[in-house]
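In: Structure for this input, please:
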Amino acid sequence: MSEFLDIALSFPPVVFSFGLVVVVLYWLTVIIGALDVDIVEVGGDAELDTGGFWSAFGFGEVPFTVVLSLWITLGWIVTVLGTTWVRSANMFVPAALTGTAVLVAGIGVGMLGAKLLTRPLAKLFEDAPATAHADLVGRVCVVRTGTVTLDSGQAEITDDEGSLLLINVRRSAHEPEGIDEDLFARHSKVVVFDYDEIEKVFLVVPVALPPDVVLEA
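Out: Model (predicted):
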């Protein structure tokens, strides 16, 4: 066990080891339900723009978290096996040189392996039903951040399929005065009344509004 830890924490496996810990913790959180990852991410900040770099390798149709998890895991396996083989071979080659070679192999093989493994997954994500922004308007959601302001805020909402979505929400710039700030605090219930196409966020208002408040988008 000590020998394995020595290899895992040496160069180059250590480059992937800490990333692997994050990946394992992330997917454990998903499994236990503390973080629900849906196929369709709704809201501006929730969408990670991977740009042309990822699309060039054919990763555009699979969520970035899946690709990165596969890449890190495969890269870690390759570097651990490679380092183990180099040590057992007793080659008279500078450690820096062999370590760099194994690292390059881990990065390359990890990317290639992720590419091959995501091909069958692409069809699955392509066929998954999408949740339209308009479908969420009028629904009640629960604030998950400390509060909701004009510039920040997230809330949890349930779609037609019963899946929980974490969406980016904001207060309206045209919000009338007299609304208690506590109504936007964490765990408060708010209702989606519009979607801002420019900012890519949902506009919300407290479920219980004062009777004299007139809402405008």
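In: Give the next helix or strand downstream of the helix or strand containing residue 85.
Out: Element membership for residue 85, per DSSP states H and E: helix 64-89. Per DSSP H and E, the first helix or strand lying C-terminal to helix 64-89 is helix 95-127.
In: ok so, going back, only the buried residues of the helix holding residue 85, if you could.
Out: For helix 64-89, the neighbour count (16 or more other C-beta atoms under 10 Å) marks 66-80, 82-83, 86 as buried. In this view, the C-beta of every residue, glycine as well, is placed from N, C-alpha and C.
In: Which residue would you name as the spatial centre of this structure?
Out: When C-alpha atoms, centre = their mean is applied to the chain, the residue found nearest the centroid is residue 65 (5.5 Å).
In: Pretty sure that residue sits against residue 26.
Out: Yes: with contact defined as C-beta atoms under 8 Å, residue 65 and residue 26 form a contacting pair (7.3 Å).
In: Give me the below-cutoff pLDDT ranges for this protein.
Out: Of all residues in the chain, those with pLDDT under 70 make up the ranges 30, 32-61, 122-132, 209-217.
In: Quick check: can you list the domain ranges of it?
Out: Per automatic domain parsing, the domain ranges recorded for the chain read 2-127, 133-206.
In: quick one: residue 141 from residue 185, how far?
Out: Here the criterion is C-beta to C-beta, to the nearest Å. By it, residue 141 lies 14 Å from residue 185.
In: which one of the two has more residues nearby?
Out: Neighbour count, other C-beta atoms under 10 Å: between residue 141 and residue 185, residue 141 has more, with 24 against 13.
In: how about that one, what does it touch?
Out: By C-beta atoms under 8 Å, 6 or more residues apart in numbering, residue 141 lies in contact with 155, 156, 157, 167, 169, 189, 190, 191, 192, 204.
In: Buried only: go through those residues for me.
Out: Among those, the ones that count as buried by 16+ other C-beta under 10 Å are 155, 157, 167, 169, 190, 191, 192, 204.
In: farthest pair in these?
Out: Greatest spatial distance among these (C-beta to C-beta): 167 and 191, at 12.5 Å.
In: returning to that earlier point: format the buried ones among the contacts of residue 141 as TSV; extra columns: distance to residue 3 and secondary structure.
Out: Putting the buried ones among the contacts of residue 141 into TSV (distance: C-beta to C-beta, whole Å; DSSP: H, G, I helix; E, B strand; the rest coil) gives the following:
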residue	distance to residue 3	secondary structure
155	49	strand
157	49	strand
167	47	strand
169	51	strand
190	55	strand
191	58	strand
192	55	strand
204	55	strand
